[in-house]
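J.: heads up, no residue letters with this:
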């Protein structure tokens, strides 16, 4: 579904037969010009894809330390 949302429907058909389709997808995504983690997270959060937990984990692991601290402060002040 992620590949479909990125316009890779044809390419993803061959990945379904691969031993590790996710690895094929991520490799192709990483090689595509203009690919960013932010765009990947947006696709993962799309209602049709519904991989929000994975998107959250990616954000947590790839956010710079200052962004994490800022997010924590924002959450505290919103109470």
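T.: It's in. Being a predicted model, the structure only gives us computed values, none of them experimental.

J.: do you know how far residue 43 is from residue 19?
T.: 23 Å (Cβ to Cβ, to the nearest Å). Glycine gets a C-beta too; all of them are placed from N, C-alpha and C.

J.: Also residue 50?
T.: Taking Cβ to Cβ, one finds residue 50 at 24 Å from residue 19.

J.: Who has more neighbours out of the two?
T.: residue 50 (12 against 6; other Cβ atoms under 10 Å).

J.: so residue 55 touches residue 45, yeah?
T.: Yes: using Cβ atoms under 8 Å, residue 55 is in contact with residue 45, at 4.9 Å.

J.: of these two, who's got more company?
T.: residue 55 (19 against 15).

J.: show me the residues around the more buried one that make contact.
T.: 41, 44, 45 (Cβ atoms under 8 Å, 6 or more residues apart in numbering).

J.: Look at it and report its pLDDT.
T.: pLDDT, residue 55: 88.

J.: which one is it nearest to, not counting chain neighbours?
T.: residue 44 (3.9 Å; Cβ to Cβ, 6 or more residues apart in numbering).

J.: Tell me the secondary structure of the one you found, please.
T.: helix (DSSP: H, G, I helix; E, B strand; the rest coil).

J.: Just give me the neighbour total for it.
T.: The burial count for residue 44: 21, using other Cβ under 10 Å.

J.: Got the confidence number for it?
T.: 87.
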